[in-house]
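> turn this into a model:
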Amino acid sequence: MIFPTEKFSQIHTPFYYYDKSLLEQTLDTINAEAGKYEGYKVHYAVKANVDPTVLGIINGKGLGCDCVSGGEVERCLMSGFAPSKIVFAGVGKADWEIELALDANIACFNVESEPELEVIDSLARAKGKIANVALRVNPNVDAHTHKYITTGLSENKFGISMEMLDEVVDKALALKNINFIGLHFHIGSQLLEFEPFAMLCSRINDLQDKFEARGIALKTINVGGGLGVDYVNPDKNPIPDFATFFATYNKNIKLRPGQELHFELGRAVVCQCGSLISRVLYVKNGLNKKFVILDAGMSDLIRPALYGAHHNIENITSAETETETYDVVGPICESSDCFGTDEVLPLTHRGDLVALRSAGAYGQIMASNYNCRKIPASLVL
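Numbers count the residues shown, from 1 in each chain. Modelled structure (predicted):
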């Protein structure tokens, strides 16, 4: 990625920089690859990034929204997304969030438990409305990803177990203010292998056969997202392999005539277009190490501290040809406020600009005011 460093003086560091061209290329690729198959509908998983300009670009390319809070539903409506393209997931929806979504006439609630189903029915009845519902199924598929971002195993909090599904389906069919339209799945995030997606398709095919034998026809199957990105080589692989992702589903899932297949892609949409731009405050010589101390910290990008994640670190203003090995750390009073150890960088000096790459997803959106620090601003160019 080529950074327009001459324009970075417009904004105080740290800040998030989003490459508009790369985001648009990514969205065009998604639309082209999903468009090869009939009935494929793509929603953007809003929790990855809610920058207003980023949302506007995504809306302009025709994607829908996958929301997991009332606040996200509000943000999508404010950003111009049609309610008919908004789905609302989440294991713990509050009454006010459900009522907000009912009033907006969103497309569908992805329901994760029988008690939630009953609450939605009750609130919809009070408003004289019928709520479209897809039941989120926990398919017990191992996604082979970090334990904090796997969601499809039986011990995870998400969804309805396969063993309990019949009972909840019966309840959904019996409730008068519920319109049961489909099934919803999500097995985890940052998946770099395609086998788990094929395994999910097998589970879905078995369930479809089972429900068809009962005379139950489903309008939608929602398979979530999960497609990962290349954090190691972001310039080599700036756009994920959407062709293989959609082709895997096309090869393995058995859709019924007229049935829609919905996807909820987040990280794969926005991750590579975003970088956290920070300025070097100090270069400190320790007894056995040298430290590059940035003005960005874990309050601005928490993934390394939270998940042990690593983002490529680049000095984007140094003209030095000689290199040095540093630990790159932030200013926050926590030992976990470290972005990378033994990082090989050009000789680095106070005032240099550093980019933490692949930070467009779960970066700015997870920022906090810890240590009374300001939420980083954004620049979209």
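> so Val169 belongs to a helix, correct?
Yes. Assessed with DSSP: H, G, I helix; E, B strand; the rest coil, Val169 lies in a helix.
> list the contacts of it.
135, 180, 211, 216 (Cβ atoms under 8 Å, 6 or more residues apart in numbering). For every residue, glycine as well, the C-beta is placed using N, CA and C.
> repeat that for 10 Å
Shown in contact with Val169 (Cβ atoms under 10 Å, 6 or more residues apart in numbering): 117, 135, 137, 160, 180, 183, 207, 210-211, 214, 216.
> I'd like the distance between it and Ser79.
34 Å (Cβ to Cβ, to the nearest Å).
> one more: Asn177?
The value you get for Asn177 to Ser79, if Cβ to Cβ is used, is 29 Å.
> same thing with Asp352?
35 Å.
> surely Thr29 and Ile239 touch.
Yes. Thr29 lies in contact with Ile239 (Cβ atoms under 10 Å); the separation is 5.4 Å.
> anything in contact with each of those two?
Going by Cβ under 10 Å, 6+ apart, residues that sit against Thr29 and also against Ile239 are Ala268.
> nearest spatial neighbour of Gly56, skipping sequence neighbours?
Nearest non-adjacent residue to Gly56, counting by Cβ to Cβ, 6 or more residues apart in numbering: Ser79, 6.0 Å away.
> is Glu99 in a helix, a strand, or coil?
The three-state assignment at Glu99 reads helix, by three-state DSSP.
> okay, now it: neighbour count?
Counted with other Cβ atoms under 10 Å, the neighbours of Glu99 add up to 17.
> wait, it touches Phe88, no?
No. Glu99 is beyond contact range of Phe88, at 11.6 Å (criterion: Cβ under 10 Å).
> which neighbours do the two have in common?
Between them, Glu99 and Phe88 share the contacting residues 70, 120, judged by Cβ under 10 Å, 6+ apart.
> Leu192: what's it in contact with?
With contact set as Cβ under 10 Å, 6+ apart, Leu192 has these partners: 144-145, 226-231, 240-241.
> how far away is it from Asn312?
For Leu192, the distance to Asn312 equals 16 Å [Cβ to Cβ].
> same deal with Gly340?
For Gly340, the distance to Asn312 - Cβ to Cβ - is 9 Å.
> where do the contact lists of these two overlap?
With Cβ under 10 Å, 6+ apart as the test, Gly340 and Asn312 both reach Leu356.
> tell me which of Asp352 and Ser79 has more neighbours.
Asp352 (21 against 18).
> out of all of them, which helix in the protein is the longest?
The single longest helix within the chain, with elements called by DSSP state H, is helix 195-213.
> just the buried positions in that helix, please.
For helix 195-213, a neighbour-count test (16 or more other Cβ atoms under 10 Å) marks 196-197, 199-201, 203-204, 207-208, 211 as buried.
> who's in contact with the worst-scoring helix or strand of the chain on mean pLDDT?
Lowest mean confidence among the helices and strands of the chain (mean pLDDT, DSSP states H and E): strand 160-161, at a mean of 91. The set of residues external to strand 160-161 that reach it, using Cβ under 10 Å, 6+ apart, is 111-114, 116-117, 135-140, 154, 167-169, 183-184.
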